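[1] would you be able to build a 3D model of this:
(chains A and B)
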Number of protein chains: 2
Amino acid sequence: MEKRPVKPFWWKNGLFIIDQRKLPEKEIIVKLDTLKKVYDAIKKLKVRGAPLIGCISAYGVVVSFLENEKLPIEKLKKEIEKDIKLLKKTRPTAYNLFYALDRMEKIIKNAKNFTKEQLKKRLLEEAEKIYKEDLEACYKIGENGEKLIKDGMNILTHCNAGGLATTGFGTALAPIYVAKEKGKKIHVYVDETRPVLQGARLTCWELEKNRISYTLICDNMAGFLMSRGLIDIVIVGADRVARNGDIANKIGTYSLAVLANYHKIPFYVAVPFSTFDFNIEDGSQIPIEERDQNEIKKMNGKYICPKKSKVFNPAFDITPNYLITGFITERGILKPEEIKNLGG
Amino acid sequence: MEKRPVKPFWWKNGLFIIDQRKLPEKEIIVKLDTLKKVYDAIKKLKVRGAPLIGCISAYGVVVSFLENEKLPIEKLKKEIEKDIKLLKKTRPTAYNLFYALDRMEKIIKNAKNFTKEQLKKRLLEEAEKIYKEDLEACYKIGENGEKLIKDGMNILTHCNAGGLATTGFGTALAPIYVAKEKGKKIHVYVDETRPVLQGARLTCWELEKNRISYTLICDNMAGFLMSRGLIDIVIVGADRVARNGDIANKIGTYSLAVLANYHKIPFYVAVPFSTFDFNIEDGSQIPIEERDQNEIKKMNGKYICPKKSKVFNPAFDITPNYLITGFITERGILKPEEIKNLGG
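    Next comes the predicted model:
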């Protein structure tokens, strides 16, 4: 399969994205032509999903180059390095952000005798490489994961780990796209994923677009469905994986993993290698982003609770390795304990 | 404690309720002066919560009397019996509806030589009795349950099993109100409870009103909180309890019970005896209401998913007896296996 199921961004003499906050109501295209716009797009979830954040931040470095192009080369490099530091502050949990920005930073560091033109070329090449590697990795995740999906299966997924969360093919949804392509009859249950509703807004949107049979549920219904034998397999993505196989993923993933374990349902995590953080031993070292209280308190502009209510809004939770059946990666299906042997 | 923490309804020459769909934004009082209005109020969740539904339906029978008062007595009784049948069709899961309406029906059946005046008096008396029994039962649930709550405890609750779900004192929240009255320092975590958000809208509203410390969370965060040791006890209500101690309660309860079990956190169900259905052996016999898809698909009038999305919206789930630590009732704390000895 070459065609991307969805196209969340593209580069055409500049960086263009679909503003995911407006989906599924409107498909609004935004040009990110300043570093500030790139920063805001990531921070405010116009783009989200660990692999996509990585890719957009890499192109963001090219945007920084273009914005500062008129400066003398050494000053230009300093400015870009400052911007890289800034981009690293957008979101603390997704590892792909650091993975991609570290690669872009290395280009700057190694650009000792480069002309501006050479530097620009190398930065754009590296961003494109990150993009193409992700697209390729996700497609292989799809091919490898598809083998786990039998004809007639019901698959539960959480949040959006689809094309919109990556460069276009998805992680958790990739095996589903490949299974559909191979003619398997499958059905997807989609957790709406409060508070930002990435499941309802984004996963439903892309499954609808790709004519995959699905049913939207509230997050608190997953256990009930499992108890009725309606779920055969759970596949989610991840924002960061530690050496021991603990993962950080969208809040609610941990509850799902416990429920799957209780009902003896296989629980898989689909991720490209760019999500593995070989620098940390376990999940306790992954920082968990807490987001604005109003993400929970307001819906479509109106309060759903008393204005004074105190809320807790962690964007992610940690799922320990022993609740994970396996990792679906571009290099095959891995057991949690196999991860540490592969890198770092 | 005599004062009701909240006052979800009252009778004053007619039946008045607070329209709970408008809370917490507005406190709108509605007079239910026709059977149709009573029917709609229950059906459309203007009043909800098993004990309150029972009580309102009992007063609804008095409303039916008043509406048909001019008919000859035998015709009047026939009309009321028809209305009782109609009210029983509003919601299938909550047992208190049938419990209360059966009691009202018995008054009609036994009213062989009654004048209209006598019949009216007996119906009103019976409705008041149902009301006062519930108030008393809930207060005793509070006193009995309070002993389970230690100073400094963090309590998790789901949906609204508070004053607004009963005649005014609550079931799951009753022990919390009593604990607060006794000076215990407690904190409540409130599941927002999708799709209708009874936790965010109603439980937060009444805890705020009664100055009880609380934090609102999304339903998918409960497991994460448990894993961090932030929850000491879970207390929920129930819509129906079978002889073997299986319960039906708001969708999401089952997931919470599994999570509590996994984390070795006590899981209690607070219910008055009017919620026990001694006619059924186990939870498999409890009908589960499926509600309108738009309860999930729309929020404050706007779609949160593609318009075409198919959704599944069960309003309740079944929690099996072996996941329940105990029942907090007006007669004390019961083990699930003790229930069948007590009635029927």
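
[2] where in the stretch 1-150 of chain A is pLDDT low?
    A:1-2 (pLDDT under 70).

[3] burial count for A:Val241?
    By other CB atoms under 10 Å in any protein chain shown, the residues close to A:Val241 number 30. All C-beta atoms are positioned from the backbone trio N, CA, C, and that covers glycine.

[4] which positions in the stretch 101-250 of chain A make contact with chain B?
    The stretch 101-250 of chain A comes close to chain B at residues A:189, A:191-195, A:197, A:200-201, A:204-205, A:208, A:214-225, A:227, as judged by CB under 8 Å from any CB of the partner chain.

[5] mind listing the helices for the stretch 101-250 of chain A?
    All helices of the stretch 101-250 of chain A, identified by DSSP state H, counting those that start in this stretch, fall at A:116-146, A:174-181, A:198, A:204-209, A:222-227.

[6] deepest in the core, which of the ones you listed is it.
    Highest mean neighbour count among the helices of the stretch 101-250 of chain A (mean count of other CB atoms under 10 Å in any protein chain shown): helix A:198, with a mean of 27.

[7] counting by contacts, list what that helix packs against.
    Applying 3 or more CB pairs under 8 Å, 6 or more residues apart in numbering or on different chains; DSSP states H and E, we find helix A:198 packed against no helix or strand.

[8] contacting residues around it?
    Residues from elsewhere that reach helix A:198 (CB atoms under 8 Å, 6 or more residues apart in numbering or on different chains): A:48, A:159-160, A:250.

[9] can you tell me which of the residues you listed are in strands?
    Counted as lying in strands by DSSP state E, out of the contacts of helix A:198, are A:Lys250.

[10] I'd like the contacts of helix A:198 as a markdown table, with distance to B:Asp277 appended.
    Below are those laid out as a markdown table (distance: CB to CB, whole Å):
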| residue | distance to B:Asp277 |
| --- | --- |
| A:Arg48 | 46 |
| A:Cys159 | 38 |
| A:Asn160 | 41 |
| A:Lys250 | 39 |
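
[11] and which of the contacts of helix A:198 is nearest to B:Arg291?
    Comparing these against B:Arg291 with CB to CB places A:Cys159 closest, at 24.6 Å.

[12] what's across from the spatially closest residue to that closest one that is not a sequence neighbour in the sheet?
    The shortest distance from A:Cys159 to any non-neighbouring residue, by CB to CB, 6 or more residues apart in numbering or on different chains, is to A:Lys250 (3.8 Å). Bridge pairing for A:Lys250 (DSSP bridges) gives the partners A:Phe316.

[13] skipping its backbone neighbours, what lies nearest the residue nearest the centre of chain A in space?
    Computing the C-alpha centroid of chain A and ranking residues by CA atoms, centre = their mean puts A:Gly49 first, at 2.4 Å. Leaving aside its chain neighbours, A:Gly49 sits nearest to A:Ala165 (2.4 Å; criterion: CB to CB, 6+ apart).

[14] ok, now how distant is the one you found from A:Lys250?
    A:Ala165 sits 10 Å away from A:Lys250, going by CB to CB, to the nearest Å.

[15] if I pick the nearest residue to A:Arg331 once chain neighbours are set aside, what's in contact with it?
    Sequence neighbours aside, A:Phe273 is the residue nearest to A:Arg331 in space, at 7.2 Å (criterion: CB to CB, 6+ apart). Contacts of A:Phe273 were listed using CB under 8 Å, 6+ apart, and they are A:137, A:329-331, A:342-343.

[16] on that earlier part again, the residue nearest to A:Cys159 against A:Asp239, yeah?
    Yes - with contacts counted by CB atoms under 8 Å, A:Lys250 reaches A:Asp239, the gap being 7.5 Å.

[17] returning to that earlier point: now do the residue nearest to A:Gly49 against chain B, distance only.
    17 Å (CB to the nearest CB, to the nearest Å).

[18] ok, back up a step: list just the nearest of the contacts of helix A:198 to chain B.
    For the contacts of helix A:198, the residue nearest chain B by CB to the nearest CB is A:Lys250; the value is 8.5 Å.

[19] report pLDDT for the closest one.
    We note a pLDDT of 98 for A:Lys250 in this prediction.

[20] contacts only, for it.
    Neighbours of A:Lys250 in contact, by CB under 8 Å, 6+ apart: A:158-159, A:193, A:198, A:236-237, A:239, A:315-317.

[21] okay if I get the residues you listed as CSV plus pLDDT and distance to B:Lys307?
    Converted to CSV, the contacts of A:Lys250 look like this (pLDDT from 0 to 100; distance: CB to CB, whole Å):
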residue, pLDDT, distance to B:Lys307
A:His158, 98, 23
A:Cys159, 98, 21
A:Thr193, 98, 19
A:Gln198, 98, 18
A:Val236, 98, 26
A:Gly237, 98, 26
A:Asp239, 97, 30
A:Ala315, 98, 28
A:Phe316, 98, 30
A:Asp317, 98, 31
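
[22] closest to B:Ile280 out of those?
    Closest approach between these and B:Ile280, by CB to CB: A:His158, at 34.3 Å.

[23] shared neighbours of A:Lys250 and A:Asp239, anything?
    Contact criterion CB under 8 Å, 6+ apart; residues shared by A:Lys250 and A:Asp239: A:Phe316.

[24] next up, the contacts around A:Glu295.
    By CB under 8 Å, 6+ apart, the contact set of A:Glu295 is A:195-196, A:313.

[25] give me the residues contacting the helix or strand where A:Ile333 lies.
    A:Ile333 belongs to strand A:332-334 when assigned by DSSP states H and E. By CB under 8 Å, 6+ apart, the surrounding residues in contact with strand A:332-334 are A:144-145, A:147-148, A:268, A:326-327, A:342.

[26] ok, it: who's next to it in the sheet?
    Sheet partners by DSSP bridges: for strand A:332-334, these are strand A:326-329 (antiparallel).

[27] got the buried residues for the partner strand?
    Buried residues in strand A:326-329, counted by 16 or more other CB atoms under 10 Å in any protein chain shown: A:326-329.
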